[in-house]
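*Asks:* 3D, please:
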Amino acid sequence: MEKLTYQEEEAMLAIWKAGEGNIKSFMEQMDTSLPYTTVASTIKNLEKKGYLGSRLLGNTYLYKAIISEEEYKKKFMGNVVKEYFDNSYKELVNFFVEQKKLSARELKEIIEMIEKGNK
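*Replies:* Model prediction:
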């Protein structure tokens, strides 16, 4: 699975949200002012990379994600932890704490989730 560019990720988020659709329907889900042709090129690239499948309905192509959002998150979050945090989720959490992106209350909630998951 190839890493996506920011623009491709933005398109995939719209596709996962919309489900099957055409380029125009995906553009309606995106918070962008990119021209139609740019989004169409991005969609074609995603299809070439194996993230999307397509079918012709009349004279319009409909696209659908082949890779789920969950599969993508698993693959690339694992890579982020491996490459930037020495394969340590503890270091990842510590990073967010140091950046003041994670409060003590949120940490307690995370601990509770972990404890519930281990039962």
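
*Asks:* wait, residue 110 sits on residue 93?
*Replies:* Yes: proximity of residue 110 to residue 93 meets the contact threshold set by CB atoms under 8 Å, at 7.5 Å. For every residue, glycine as well, the C-beta is placed using N, CA and C.

*Asks:* any idea how the chain splits into domains?
*Replies:* Each structural domain of the chain that the record assigns through automatic domain parsing is listed here as a residue range: 6-65, 69-117.

*Asks:* flag every buried residue along the helix ranked longest in the chain.
*Replies:* Of all segments of type helix in the chain, defined using DSSP state H, the longest is helix 69-84. Along helix 69-84, the positions that meet the burial threshold by neighbour count (16 or more other CB atoms under 10 Å) are 72, 81.

*Asks:* run the chain-centre distance for the helix or strand following that helix.
*Replies:* Next helix or strand after helix 69-84 toward the C-terminus (DSSP states H and E): helix 89-98. Helix 89-98 sits 21 Å away from the centroid of its parent chain (CA atoms, centre = their mean, to the nearest Å).
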